[in-house]
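Enquirer: structure here, sequence nowhere to be found:
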């Protein structure tokens, strides 16, 4: 057995570090060793359990009650707010959409054959695009400003009788913008439309963030909220909570059938069998930290955010995009200075790797009204980063000096080659073999933790969406092929 574990350790050596704050996306390090130890112990105790049937394993129901109760108090929900523990933010978002669609259908029988719309800012998480595809809704993105800010009036004017759900974010992942939740929720309520607050990213931070407007269940018209425990709840992947206002709404989320020859099936989530280990870890962590513990960790994130934002102001050619709220900051080139003095965020991300840090490049998005949301680099700020924020700021400044004036990567030669092969607007979408050849032509035939991403990001931004999505699908699929 020791040789098997040693092989796993060697495989893990190629991964980006999950502790210490050097990876500013995907991982959420509290900086507290006892949290990891507690989570590991709790997860081991619950490892044999199956979340499919809490009547057989009542400890699962007991842990869910405590986790849901903690989250409900955190988000100022009353007794009518009930919920479910899910496998992660995507599942929470999918269930919110499925519930709203089913309730819309039941209240609009005259439109039973009509396809409802899901209205959301263009910065809403991609999980809602997935949900619309899976549950047969039209995804209707509302254009935002170049800094990712959406106008309440622009959202509200999209709300009609064919809208099953409107989604707002607290905050949005790309730029950390807090959407105009109170205004949108009030308008949705007046029209009888469900309003979901996606707080998967910030749900366990914003309740303790200073000087925020009401955005949770204190806002009349908010009908559901999602919040991830495996993000700033500091639990292992994957565990999230979806809260619904009202038992009728919550029950619409369920699947139940006695229409087969086996045991009665009742699923509150999309999954049947579910691991109880993430739930047990989340339960233990919330019991240990409590509201005071999360407040302390949020205070640490707030100090880091203030320090990073202040430092960026002093780096020529670089800026913080918009006015972020919570644990996300997006960096972009400063358009107020000449091009030769600007710092491209994707070049910056590549340069930071050599200094031992990883931030997340995000391609720009041209919206339906022609306005482009800036390409950027996303930073997820965690409590552990406070211990080395000076080191990070130094690396940020040094990397900016290295790439200043280089500009965004130029994929024109690759685009010309793709168009010559017939892949472009109105052209073909490559199949697996062609997509793989094109990826290798672009120098992206393999992915490692330190591979430069600026050219691939620029290419993705310029390609028609079906072509870009085919290439990205092939890249990820090839990585796990035997």
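Expert: Ah, there it is. Everything quoted here is computed from the prediction, not taken from an experiment.

Enquirer: since we're on residue 149, how many residues are nearby?
Expert: 19 (other Cβ atoms under 10 Å). The C-beta positions use only the backbone N, C-alpha and C, and glycine is treated the same way.

Enquirer: what residues are up against the nearest residue to it once chain neighbours are set aside?
Expert: Using Cβ to Cβ, 6 or more residues apart in numbering and skipping residues adjacent in sequence, the residue nearest residue 149 is residue 177, 5.2 Å away. Residue 177 is in contact with 123, 144, 147, 148, 149, 150, 169, 171, 322, 323, 324, 325, counting by Cβ atoms under 8 Å, 6 or more residues apart in numbering.

Enquirer: the last one contacts residue 209, correct?
Expert: Yes - assessed by Cβ atoms under 8 Å, residue 325 is found in contact with residue 209 at 6.8 Å.

Enquirer: so which of these two has more stuff around it?
Expert: residue 325 (23 against 20).

Enquirer: that one and residue 179, how far apart?
Expert: Applying Cβ to Cβ, to the nearest Å, the value for residue 325 to residue 179 is 10 Å.

Enquirer: list the residues that contact both of the two?
Expert: In contact with both residue 325 and residue 179: residue 171, using Cβ under 8 Å, 6+ apart.

Enquirer: show me the contact partners of stretch 305-315.
Expert: If you take Cβ under 8 Å, 6+ apart as the criterion, stretch 305-315 is touched by 318-320, 324, 326-327, 329, 331, 343, 379, 381, 389, 392-393, 396-397, 400.

Enquirer: quick one: buried residues of stretch 424-440?
Expert: For stretch 424-440, burial by neighbour count (16 or more other Cβ atoms under 10 Å) applies to 424, 429, 430, 434, 435, 436, 438, 439.

Enquirer: and residue 165, what does it touch?
Expert: 96-97, 100-101, 104, 116, 118-119, 137, 193-196.

Enquirer: after the helix or strand in which it is found comes which helix or strand?
Expert: Under the criterion of DSSP states H and E, residue 165 resides in strand 163-169. Remark: after strand 163-169, the chain's next helix or strand is helix 181-190, criterion DSSP H and E.

Enquirer: flag every buried residue along that next one.
Expert: Those would be 181, 182, 183, 184, 185, 186, 187, 188, 189, for helix 181-190 by 16+ other Cβ under 10 Å.

Enquirer: quick revisit: if I look at the residue nearest to residue 149, how far off is residue 62?
Expert: 38 Å.

Enquirer: outline the domain layout of the protein.
Expert: The chain breaks down into these domains under automatic domain parsing: 34-286, 290-403, 413-479.

Enquirer: now the end-to-end length of the first one.
Expert: What that stands for is domain 34-286. 13 Å (Cα to Cα, to the nearest Å).

Enquirer: pLDDT of it, averaged?
Expert: On average, the pLDDT along domain 34-286 is 95.

Enquirer: same question for the shortest one.
Expert: The average pLDDT within domain 413-479 is 80.

Enquirer: try the second one
Expert: When the per-residue pLDDT values of domain 290-403 are averaged, the result is 96.

Enquirer: and the end-to-end length of it?
Expert: Start-to-end span of domain 290-403 (Cα to Cα) is 44 Å.

Enquirer: and for residue 313, the neighbour number?
Expert: The burial count for residue 313: 11, using other Cβ under 10 Å.

Enquirer: what segments of the stretch 1-150 of the chain are strands?
Expert: 81-86, 117-121, 138-142 (DSSP state E, counting those that start in this stretch).

Enquirer: output the contacting helices and strands for the last one.
Expert: This means strand 138-142. strand 117-121, helix 127-134 (3 or more Cβ pairs under 8 Å, 6 or more residues apart in numbering; DSSP states H and E).

Enquirer: coming back round to it: adding distance to residue 336, write the contacts of residue 165 out as TSV.
Expert: Listed next are these as TSV, based on distance: Cβ to Cβ, whole Å:
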residue	distance to residue 336
96	39
97	40
100	42
101	44
104	45
116	43
118	36
119	33
137	40
193	40
194	41
195	36
196	36
